[in-house]
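> I'll drop the sequence and a predicted model, then ask my questions.
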Amino acid sequence: MTTTDSPTETAAPTLPTAAPQGERGNIALGIWRVADPKITLASVAAMILGSGIAAWQGPISWPWLGATVLGIFFIEAAKNASGEIFDWDSGTDQAITDGERTPFSGGKRVLVDGLMTRRQCAVMAAVFYALGIGAGLSIVLLREPRVLWFGVVGVALAFFYHAPPLSLSYRGLGEVAVATAYGPVIACGTYLVQRHDVSAAVIFASLPLGLAIMAFLWINEFPDARADAQAGKRTLVVRLGRPRAARAFAVLVVVTYLGVAALPLAGLPLGVLGGFVGLPLALRATRQLLRFPETPAELVPAQGATLLSFVLLAVGAAAGVVLFG
């Protein structure tokens, strides 16, 4: 049987505060919110890992790496823009209170704050999807045809993460989708563009990174859990309830770094253990989450630590492979 959370506070939630009047109808600010470069840290981490392993095995084509980065950036922005629409339609973004919103969760609030209309947001999503698909097709036609399948899977996961009929994030499948997209899909796709093949080494290395990025999504679901449950968004945190989900997060962290420890057994050089540089931050986040699973404000440091932990995992593993492989 699954359970949902019961808020620990007895007072009625504080309704979200509207954006200042000067910001409302600000299309440029709306575009910035969905395309802010920091939103790409998960995909950048996967590209760093994929290109690092590729560099261990041969030279890097920097122009094609640049095309890969651009294509994934555009799809990332498109996912955020289309997600704003579907989360608005479900009511989950409107249900998040000011006390529940953090710098890492609560949506981009492009529609909630009135920065853009629903139609404008849809146009922005379509433009970004078109740019991302265009960049991907240039790689397919001019560099590596087989990357098409990685692109198809990546775009499908991005769009249907929110969109019906799959609505992965609403069915408790969003976490698996994120682990898949930001682990094997992006890392292996990046590697394929460089090496014209996909090796077992990059597949195995991408798995713990995917789990680490899944952990970041997981911890970001805690502040949104009440609003998500109210709107019918059945994330795993909503399904498990916050206390059990916090314990599951701890298990996820353990499995992630056991995976890193096993990578030399999969044929990667010992330098890949540089990924352990992210472990202290992951443990810090775990302790904080286990103490305060019901208190969004107390989770902000843990959210930041989880983000930095997966970035350091990717950078440490890639640098270790390149420098000591």
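That came through fine. Numbering: from 1, shown residues only.
> So which bits of the host helix or strand of residue 228 are buried?
Using DSSP states H and E, residue 228 sits in helix 200-231. Neighbour counts over helix 200-231 (16 or more other CB atoms under 10 Å) mark 201-231 as buried. Just so you know, the C-beta spots here come from the backbone N, C-alpha and C atoms, and that holds for glycine as well.
> for it, the distance to its chain's centre please.
Between the centre of helix 200-231 and the centre of its chain there are 7 Å (CA atoms, centre = their mean, to the nearest Å).
> next one: stretch 100-120
The chain centre lies 17 Å from the centre of stretch 100-120; the measure is CA atoms, centre = their mean.
> Go ahead and name everything in contact with it.
13, 16, 18-19, 23-27, 29-30, 33-34, 80-81, 83-85, 87-88, 92-94, 96, 121, 124, 220-224, 226-227, 296-297, 299-300, 303-304, 307 (CB atoms under 8 Å, 6 or more residues apart in numbering).
> If you count neighbours, what's buried in it?
If you call a residue buried by 16+ other CB under 10 Å, then stretch 100-120 has these buried ones: 100-102, 104-116, 120.
> Please flag which of those sit within helices.
If you go by DSSP state H, those have residue 120 in helices.
> counting contacts, what elements does the helix holding residue 228 pack onto?
Packing partners of helix 200-231 (3 or more CB pairs under 8 Å, 6 or more residues apart in numbering; DSSP states H and E): helix 41-57, helix 92-95, helix 174-180, helix 186-195, helix 236-240, helix 242-262, helix 279-291, helix 296-324.
> so which of these is the most packed in?
helix 186-195 (a mean of 26; mean count of other CB atoms under 10 Å).
> how about the CA coordinates for it, as PDB?
The C-alpha trace of helix 186-195 is given here as PDB (Å, rounded to 0.1, in the frame of the first residue of the first chain):
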ATOM      1  CA  ILE A 186      23.400  11.400 -22.800                       C
ATOM      2  CA  ALA A 187      26.800   9.900 -21.700                       C
ATOM      3  CA  CYS A 188      26.600   7.100 -24.300                       C
ATOM      4  CA  GLY A 189      25.300   9.400 -27.000                       C
ATOM      5  CA  THR A 190      28.200  11.900 -26.300                       C
ATOM      6  CA  TYR A 191      30.700   9.100 -26.500                       C
ATOM      7  CA  LEU A 192      29.100   7.700 -29.700                       C
ATOM      8  CA  VAL A 193      29.500  11.100 -31.500                       C
ATOM      9  CA  GLN A 194      33.200  11.000 -30.600                       C
ATOM     10  CA  ARG A 195      34.200   7.400 -31.100                       C
END
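> Use 39 as the first number from now on
OK, 39 is where the count begins now, so the last one is helix 224-233.
> now the angle from it to helix 238-269?
Interaxial angle of helix 224-233 relative to helix 238-269 (axes from the mean of the first three to the mean of the last three CA atoms, to 10 degrees): 150 degrees.
> Which residue is the nearest non-sequential neighbour of residue 71?
Leaving out its chain neighbours, the residue that sits closest to residue 71 by CB to CB, 6 or more residues apart in numbering is residue 146, at 4.4 Å.
> about what we covered before: for the helices and strands packed on helix 238-269, which has the smallest mean pLDDT value?
For these, mean pLDDT drops lowest on helix 130-133, to a mean of 93.
> If you count contacts, what does that helix end up packed against?
Counting contacts by 3+ CB pairs under 8 Å, 6+ apart, helix 130-133 packs against helix 100-128, helix 238-269.
> Relative to residue 291, which of these is closest?
Shortest distance between residue 291 and those, using CB to CB, is found for helix 238-269: 6.1 Å.
> and the angle from that closest one to helix 100-128?
20 degrees.
> and helix 238-269, average pLDDT?
Here helix 238-269 scores 97 as its mean pLDDT.
> Residue 328 is in contact with residue 286, isn't it?
No. The pair residue 328 / residue 286 is not scored as a contact, 10.9 Å apart, by CB atoms under 8 Å.
> how near is residue 100 to residue 225?
Here residue 100 is placed at a distance of 18 Å from residue 225 (CB to CB, to the nearest Å).
> quick one: which of the helices and strands packed on helix 238-269 is nearest residue 170?
helix 79-95 (11.1 Å).
> What helices and strands are in contact with the closest one?
If you count contacts as 3+ CB pairs under 8 Å, 6+ apart, helix 79-95 packs onto helix 100-128, helix 224-233, helix 238-269, helix 334-362.
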